[in-house]
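Undergrad: A structural model of the following input is requested.
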Amino acid sequence: MLTLKKTPGRDFILLNLSDPQLGDEEWAPDHPHRRILEGTVRELVRRVSPDLITVSGDLAWAGNDLAYDALADFLDGFGIPWAPMWGNHDNQGGAEYMESVVKRYLTHPLCLYERGPADLGNGNYVIRIEENGVPVSGVIVMDSHDRAPYVNGKGEESLEWAKLWPAQITWYREQVRALKEEGCSDTALFMHIPIYAYREAHAAAEKAGVDPKSVTPAMADGDEVWNPGYESSFGVRHEGICSYPADEGMFAAILEEGSTKILIAGHDHVNNTVIRHRGVTFVYSLKAGAGCYWDPALNGGTVLRITEGGVAGVCHEYVDPAPFTE
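TA: Residues are numbered from 1 along each chain as shown. You can find the predicted model right below:
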């Protein structure tokens, strides 16, 4: 496990960026997408003064070496530890290409990363947040891969968004139990593609008859959007939930272990809901920048506040991209 120290008496701030996803050409010095991404992240860092920056997948496009290196150099410039995880567009390059990116990233001293067990993908690792030598929270990063075969009830085969593998779920259990042995029973789970239970959480929380695409961030704090018991939810869902279409079993493991109180996913660029369901907070991180597709009104990052008791809060920090395009 990797370790970062929390200053006693001060919250540890984690800033998550999701789906920056610029290509080589978009990292040209005066490209508007580069200006938007860099301006957004600079503003977020200025506002929240993070102790750790995480990037929840789709850092670039597989094969775009300049883009991967440019993003790493940019993040290094803040002098803050940063931790990447891979998304489907990263993994589309295959294991050999992914390893070539990993080798370069591991030369960056501020990049926190471990490959993890080779049979689980690339980038399954844990960051311990400790205070006075004692872990107060664990940031668990998992590789959600790219695509996976699926057979529906009619026997029809298709290739769908990938899922966490059974061996990864076993690995997850091992990590939370190892942290518990150190006295830490609070973890946050980060991945790119959401687990199947995001569908369950949204089905339970969203009020029938409300078109999710009609909901604005300003409306999303209102009781007219959420079912009773879910009024603390916020954020919008302007597209479908692009998970594997069958339950991979991860949520059952989370509930059984009782350690993970918050899940962070990216992947679906115009979703940024935060829903507390069955004692676990399901978060779609706010997307950073204009890469691939976006909604300028949903630009920014997601902030976790970690105290001596673990993760104590989550919020979105919206950043108006207009000043960076002038």
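
Undergrad: Which element, helix or strand, includes the closest residue to Ser49 other than its chain neighbours?
TA: In space, Ser49 comes closest to Ile13 once its chain neighbours are excluded; the distance is 6.4 Å by CB to CB, 6 or more residues apart in numbering. Placement of C-beta: from N, CA and C, glycine included. Element membership for Ile13 (DSSP states H and E) is strand 12-17.

Undergrad: Relative to that strand, what are the paired strands and their orientations?
TA: strand 52-56 (parallel), strand 300-307 (antiparallel) (DSSP bridges).

Undergrad: For Asp247, which of those is the nearest?
TA: Nearest of these to Asp247, taken as CB to CB: strand 52-56 at 21.6 Å.

Undergrad: average pLDDT across whatever helix or strand comes next after that closest one?
TA: Toward the C-terminal end, the helix or strand that comes next after strand 52-56 (DSSP H and E) is helix 65-76. Averaging pLDDT along helix 65-76 yields 98.

Undergrad: what does helix 65-76 contact?
TA: 20, 22-24, 26-27, 38, 41, 53, 55, 59-61, 82, 101, 104-105, 108, 110-111 (CB atoms under 8 Å, 6 or more residues apart in numbering).

Undergrad: Not counting its neighbours along the chain, what's nearest Tyr172?
TA: Ala253 (6.2 Å).

Undergrad: How is that neighbour assigned, secondary-structure-wise?
TA: Using DSSP: H, G, I helix; E, B strand; the rest coil, the structure places Ala253 in helix.

Undergrad: Correct me if wrong: it contacts Gln175.
TA: No: using CB atoms under 8 Å, Ala253 is not in contact with Gln175; the gap is 11.1 Å.

Undergrad: follow-up on the earlier one: export the strands paired with strand 12-17 as a markdown table, with columns for distance to Glu326, mean pLDDT and mean neighbour count.
TA: Below are the strands paired with strand 12-17 laid out as a markdown table (distance: least, CB to CB, whole Å; pLDDT from 0 to 100; neighbours: other CB atoms under 10 Å):
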| stretch | distance to Glu326 | mean pLDDT | mean neighbour count |
| --- | --- | --- | --- |
| strand 52-56 | 26 | 98 | 26 |
| strand 300-307 | 18 | 98 | 23 |
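
Undergrad: what would those look like in JSON lines with distance to Ala162?
TA: Compiled in JSON lines, the strands paired with strand 12-17 are given as follows (distance: least, CB to CB, whole Å):
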{"stretch": "strand 52-56", "distance to Ala162": "15"}
{"stretch": "strand 300-307", "distance to Ala162": "22"}
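
Undergrad: Please report phi then psi for Tyr318.
TA: phi -80, psi 140 (degrees, to the nearest 10).

Undergrad: That one reaches Asn299, doesn't it?
TA: Yes: applying CB under 8 Å, one finds Tyr318 in contact with Asn299, separated by 6.8 Å.

Undergrad: the more surrounded of those two?
TA: Under the criterion of other CB atoms under 10 Å, the comparison of Tyr318 against Asn299 puts Asn299 first, with 23 against 16.

Undergrad: residue contacts, that one?
TA: Counting by CB under 8 Å, 6+ apart, the residues that Asn299 touches are Ile36, Thr40, Leu286, Lys287, Ala288, Gly289, Ala290, Tyr318, Val319, Asp320, Pro321.

Undergrad: residue at max distance from the center of this structure?
TA: Taking CA atoms, centre = their mean, the residue of the chain most remote from its mean C-alpha position is Lys154, at 33.4 Å.

Undergrad: now that one, what's its secondary structure?
TA: The three-state label given to Lys154 by three-state DSSP is coil.

Undergrad: List the buried residues in stretch 224-240.
TA: Under the neighbour-count criterion of 16 or more other CB atoms under 10 Å, stretch 224-240 has Val225, Trp226, Tyr230, Ser233, Phe234, Gly235, Val236, Arg237, His238 buried.

Undergrad: any idea how far the second one is from Ser232?
TA: To tie it back to what came earlier, the one meant is Trp226. From Trp226 across to Ser232, the span is 8 Å (CB to CB, to the nearest Å).
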